[in-house]
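Undergrad: Here's a sequence, model it:
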Amino acid sequence: MIEILSINPVLLLFITAALGYAIGRIRIKGASLGVAAVLFVGLFIGSFSPELRVPDFAFTFGLAVFVYTIGLTSGAGFFASFTRKGLRDNLFIVAMLVIATAIVWAGAIALNLKSTIATGVFAGSLTTTPALAAVIETVRQHASPEMVDALISEPVVGYSATYPMGVLGPIFAIMAMSALLRINYRKEAEKLSSFRLVDQEIYNVTVEVTQPEYVGTPLRELMRSNSWNVVFGRMAHDDQVSLADGNTILQLGDLVSVIGAPDDVDNVVSALGTPSQLHLDLDRSKYDFRRIFVSRTEIAGRTIAELSLPHEYDAIITRVRRGDIDFVATGATVLELGDRVRVVASREHMKDVSDFFGDSYKELSEIDLLSFGLGMSLGLLLGLIPIPLPGGIRITLGAAGGPLIVALILGAIRRTGPIVWTIPYSANLTLRQLGLIMLLATIGLKSGYTFVSTFAGGGGWSIMLAGAVVSISVPLIALYVGYKFLQIPFGMLTGMVAALHTQPAVLGFASEQSEDEAPNLGWALAYPISLIGKIVLAQVLLALLSRSGG
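TA: Residues are numbered from 1 along each chain as shown. Take a look at the predicted model:
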């Protein structure tokens, strides 16, 4: 069987993925490993033979697709986060990396590890190949010719022995801290309400205007001056029903429908007047409503205000459903391919409105290979560009950093002329899942034999001990300090921990646990500074230990 699988890597890949996915769905006391079980199955199967592995192409492809689709989804939130607490959060990641460096330094002295092996431990326990490559290049430049081959193998030993725990450690830390802190992921995601990570409770109340101070002023001005986060729907004036828009001026006795989250609606209703027994939203004599898919590329990436629906079609959008999330629509809401908008429009214009948005589920199942191919190409090309660092070191962002950075930018700008960079929500999730499974399977299969043989040989126990301390203690510290003292929502914090280890497998596990986009937001925020920080600190660690005689 081993021989069959070793010469059929595609079969090996899919067997690993299928078994892992099946095991990941098993729940014990309400908890499950989810898609991360693919990694464990890969480690188990790979432990039988070093020949049980798949080509590096599968790893690179899965990694690039996974981070690119995350970047497209997280781009707008990533740049918006810097207007909030992004700088503080990035400094927090740097502080955690400094702590990791100090732990490895202390462990190297206590266990009498060579400086080259210790820096390999640093790179492996934080699963960062670029840091390992930078260390090897530094050793190559400074070692004598007769010692080069021996010395450059030492960081690889430290890296290989600690890499598996670098993946498993943060997963264990997330499981432990979420249980210890009794995390409710939905409540945590509600702290990030501006990013629309959880479904909103939305209801509709008809209010009778009785307060004279709100009469005579356009609704647009009232909403701006009072910070009302609601949508106004139908209104009745002198028994004539119409749709309210920003230019609508209320009069005493008018009835107007207010739509939004309960607290927001109650605030507006109490300000304008009193709730009415009439429900304008149930009056379908002139205006009707329906859910419509946004499938036209010309619509994607544009705000609702730019569409001028009240003037063109006598219609308004009251709410948007993106994936499984409903939220109130505002003029500043940017529509994406795959959104389902709830439109209120006059009966004679409803078909025209439907045609305007496209309303084609079939089109949403397709991927624009032009924009996807261009974006991926730009990301991979960026990943190839060498970046100089102090000390003559040159690094590349690789298949993880390049596509992620390009995707963050493209996800934020959404479209360039006729090219829509974003991908329909359902297609994005499918690609992301495919990339992650390929990534997890290849990591597990590649690391399994080394992991088991190192234990069996007995010679790598001190190395693995040092790596295990870093891999478990650093994420535990990060999760506790970030949650308790910095008040970072736990779901977002797990994504930051995944970025701290530059480990998509941990991100996949975190996303399975939270069941929302909060970990992806944390990953996108912290990944760039984490990658660069580890490359620099690996060189610092090598220099410190070398000078101390290690």
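Undergrad: Now do the helices in the stretch 1-150 of the chain.
TA: 2-6, 9-24, 37-46, 56-81, 86-111, 115-125, 129-142, 148-180 (DSSP state H, counting those that start in this stretch).
Undergrad: Please list the residues outside the first one that contact it.
TA: The contact list for helix 2-6 (CB atoms under 8 Å, 6 or more residues apart in numbering) reads L11, L12, I15, I45, F48, S49, E51, L52. For the C-beta atoms, the positions are set from N, CA and C on the backbone; glycine is no exception.
Undergrad: R322 - nearest residue in space that isn't next to it in sequence?
TA: Take R322 and drop its neighbours on the chain: the residue closest to it by CB to CB, 6 or more residues apart in numbering is D339, 5.4 Å away.
Undergrad: Near the one you found, how many other residues are there?
TA: By the criterion of other CB atoms under 10 Å, D339 has 24 neighbours.
Undergrad: re the thing from before, just checking, which of the helices of the stretch 1-150 of the chain sits deepest inside the structure?
TA: Highest mean neighbour count of the helices of the stretch 1-150 of the chain: helix 115-125, a mean of 31 (counted as mean count of other CB atoms under 10 Å).
Undergrad: Tell me which other helices or strands that one touches.
TA: Judged by 3 or more CB pairs under 8 Å, 6 or more residues apart in numbering; DSSP states H and E, the packing partners of helix 115-125 are helix 86-111, helix 129-142, helix 148-180, helix 461-484, helix 518-547.
Undergrad: what's the offset of that helix from the middle of its chain?
TA: On the basis of CA atoms, centre = their mean, to the nearest Å, helix 115-125 is displaced by 28 Å from the centre of the chain it belongs to.
Undergrad: before we move on, what about stretch 502-519?
TA: Using CA atoms, centre = their mean, the offset of stretch 502-519 from its chain centre is 7 Å.
Undergrad: just stretch 58-66 next, same as before
TA: Chain-centre distance of stretch 58-66: 16 Å, with CA atoms, centre = their mean.
Undergrad: Which residues does it contact?
TA: Under the criterion CB under 8 Å, 6+ apart, residues 9, 13, 376, 379-380, 399-400, 403, 431-432, 434-439, 441-443, 446, 504 lie in contact with stretch 58-66.
Undergrad: picking that back up, nearest to V230, of the helices and strands packed on helix 115-125?
TA: V230 lies closest to helix 518-547 among the helices and strands packed on helix 115-125, at 25.1 Å (CB to CB).
Undergrad: out of the helices and strands packed on helix 115-125, which comes closest to L255?
TA: L255 lies closest to helix 518-547 among the helices and strands packed on helix 115-125, at 39.4 Å (CB to CB).
Undergrad: and the angle from that closest one to helix 148-180?
TA: Between helix 518-547 and helix 148-180, the angle comes out at 140 degrees (axes from the mean of the first three to the mean of the last three CA atoms, to 10 degrees).
Undergrad: what's the average pLDDT for helix 518-547?
TA: The pLDDT scores in helix 518-547 average 80.
Undergrad: pull the CA atoms of stretch 103-118 into CSV?
TA: Taking Å, rounded to 0.1, in the frame of the first residue of the first chain, the C-alpha atoms of stretch 103-118 are listed here in CSV:
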residue,chain,number,x,y,z
ILE,A,103,12.8,32.2,25.2
VAL,A,104,14.9,30.5,22.5
TRP,A,105,18.0,32.4,23.6
ALA,A,106,17.5,31.3,27.2
GLY,A,107,16.8,27.7,26.1
ALA,A,108,19.9,27.6,23.9
ILE,A,109,22.1,28.6,26.9
ALA,A,110,20.3,26.2,29.3
LEU,A,111,20.4,23.2,26.9
ASN,A,112,23.8,24.1,25.4
LEU,A,113,22.5,24.3,21.9
LYS,A,114,24.6,25.6,19.0
SER,A,115,23.7,29.0,17.7
THR,A,116,22.9,27.6,14.2
ILE,A,117,20.6,24.9,15.7
ALA,A,118,18.9,27.4,18.1
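Undergrad: Take the helices and strands packed on helix 115-125 and lay them out in CSV including distance to T248.
TA: Shown next, in CSV, are the helices and strands packed on helix 115-125 (distance: least, CB to CB, whole Å):
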stretch, distance to T248
helix 86-111, 38
helix 129-142, 57
helix 148-180, 47
helix 461-484, 45
helix 518-547, 36
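Undergrad: Quick check: what element follows the strand or helix carrying D326 along the chain?
TA: According to DSSP states H and E, D326 maps onto strand 325-328. Sequence-wise, the next helix or strand downstream of strand 325-328 (DSSP H and E) is strand 340-346.
Undergrad: Hey, what's the angle from the very next helix or strand once past that following strand to strand 340-346? Just curious.
TA: Once the chain leaves strand 340-346, the next helix or strand it forms, by DSSP H and E, is helix 350-357. Interaxial angle of helix 350-357 relative to strand 340-346 (the same axes, to 10 degrees): 140 degrees.
Undergrad: what's near enough to touch V205?
TA: S257, V258, V265, D266, V269, P275.
Undergrad: quick one, helices of the stretch 251-400 of the chain?
TA: Going by DSSP H, counting those that start in this stretch, the stretch 251-400 of the chain shows helices at 262-272, 309-313, 350-357, 361-364, 369-384, 398-413.
Undergrad: I'd like to know which of those helices lies nearest to S125.
TA: Of all the helices of the stretch 251-400 of the chain, helix 398-413 comes closest under CB to CB, at 17.6 Å.
Undergrad: May I see the buried residues of the closest one?
TA: Neighbour counts over helix 398-413 (16 or more other CB atoms under 10 Å) mark 398-412 as buried.
Undergrad: give me the low-pLDDT residue ranges for the stretch 101-250 of the chain?
TA: Applying pLDDT under 70 to the stretch 101-250 of the chain picks out residues 129-130, 133-134, 136-137, 140-153, 156, 190-200.
Undergrad: Please report how far the nearest residue to T116 once chain neighbours are set aside lies from L431.
TA: Spatially, and ignoring its direct neighbours in sequence, T116 is nearest to E154 (3.8 Å; CB to CB, 6+ apart). E154 sits 39 Å away from L431, going by CB to CB, to the nearest Å.
Undergrad: try G166
TA: Distance, G166 to L431, by CB to CB: 26 Å.
Undergrad: before we move on, what about V205?
TA: Separation of V205 from L431 (CB to CB): 41 Å.
Undergrad: Also K114?
TA: Counting by CB to CB, the gap from K114 to L431 is 43 Å.
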